[in-house]
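S.K.: prediction below, plus the sequence it came from.
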Amino acid sequence: MINVPFHTAGNDQFVPFITSCPRNIQRIAASTTSLPTITWTTPTAYDDSGHTRLVMNTHSPGSTFPIGTTSVEYRFEDTEGKSARCVFNVVVSALGECLLFTVWVQSDLLRLHTTADIDTAFLPGLR
C-alpha cells in the first residue's frame with residue numbers, strides 16, 4: 001500500500017488525505033481459466049477544504065484479475081488541484097504454482113512432504 005502525495009502550487013497547503021488504502025491482496029486461482037473476482041473497501045479521501053473527488057481509478061472492487069501481479073491505483077484531487085494516490089497490488093497465483101503440503105504417517109514417524117516430494121517418490125513417471 002502506497003499513499004503518495006503530489007504537490008502543486010497554490011494557497012492550499014494540504015494534499016488530500018487517503019483513508020482505507022488496501023494492503024496488497026493475494027489470491028489463488030483454481031485454474032488459469034477460472035480467474036478470481038477480487039473485492040476490497042474502496043479508498044476514500046478528505047481534504048481541509050472539504051472537497052475532494054476521485055479523478056481516476058484503474059480497477060474497482062469486484063473486478064476479475066489475471067494470473068500475475070496487477071497494480072491498482074486510485075487518484076484523488078482537491079479544489080486547488082492537489083492530488084494524492086493510493087496504490088496496491090493484486091497478486092493472483094495459479095493453484096499449481098502453490099506449494100501444497102501433505103502429511104503422511106509412516107510407522108510411528110510423522111513426516112511432512114511437499115507435492116514435489118510426493119510426485120517424485122510415488123509417481124516417478126510424472127517428472
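M.R.: Cool, got the structure. Being a predicted model, the structure only gives us computed values, none of them experimental.
S.K.: next, the buried residues of stretch 30-40.
M.R.: Using 16 or more other CB atoms under 10 Å as the test for burial, stretch 30-40 gives 35-36, 38, 40. The way it works is simple: take the backbone N, C-alpha and C, and place the C-beta from them, glycine included.
S.K.: in strands only, show me those residues.
M.R.: Ile38 (DSSP state E).
S.K.: dump the buried residues of stretch 30-40 to JSON lines, plus pLDDT and distance to Tyr46.
M.R.: Below are those laid out as JSON lines (pLDDT from 0 to 100; distance: CB to CB, whole Å):
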{"residue": "Leu35", "pLDDT": "88", "distance to Tyr46": "34"}
{"residue": "Pro36", "pLDDT": "93", "distance to Tyr46": "31"}
{"residue": "Ile38", "pLDDT": "96", "distance to Tyr46": "25"}
{"residue": "Trp40", "pLDDT": "97", "distance to Tyr46": "19"}
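S.K.: of the buried residues of stretch 30-40, just say which sits nearest to His59.
M.R.: Distance to His59, by CB to CB, is smallest for Ile38 among the buried residues of stretch 30-40, at 8.4 Å.
S.K.: and the gap between the closest one and Val87?
M.R.: Distance check for Ile38 against Val87: by CB to CB, to the nearest Å, it reads 15 Å.
S.K.: all strands of the chain, in order?
M.R.: Using DSSP E, strands in the chain cover 2-6, 17-19, 25-29, 37-38, 44-46, 52-57, 63-64, 68-78, 83-94, 101-106, 109-114.
S.K.: show the average pLDDT along stretch 23-30.
M.R.: Averaging pLDDT along stretch 23-30 gives 94.
S.K.: do I have it right that Val90 meets Glu73?
M.R.: No. Taking contacts as CB atoms under 8 Å, Val90 lies outside contact range of Glu73: 11.4 Å.
S.K.: so for the two, which sits in the more crowded spot?
M.R.: Counted by other CB atoms under 10 Å, Val90 and Glu73 do not tie: Val90 has more neighbours, with 21 against 15.
S.K.: name the residues contacting each of Val90 and Glu73.
M.R.: With CB atoms under 8 Å, 6 or more residues apart in numbering applied, the contact sets of Val90 and Glu73 do not overlap.
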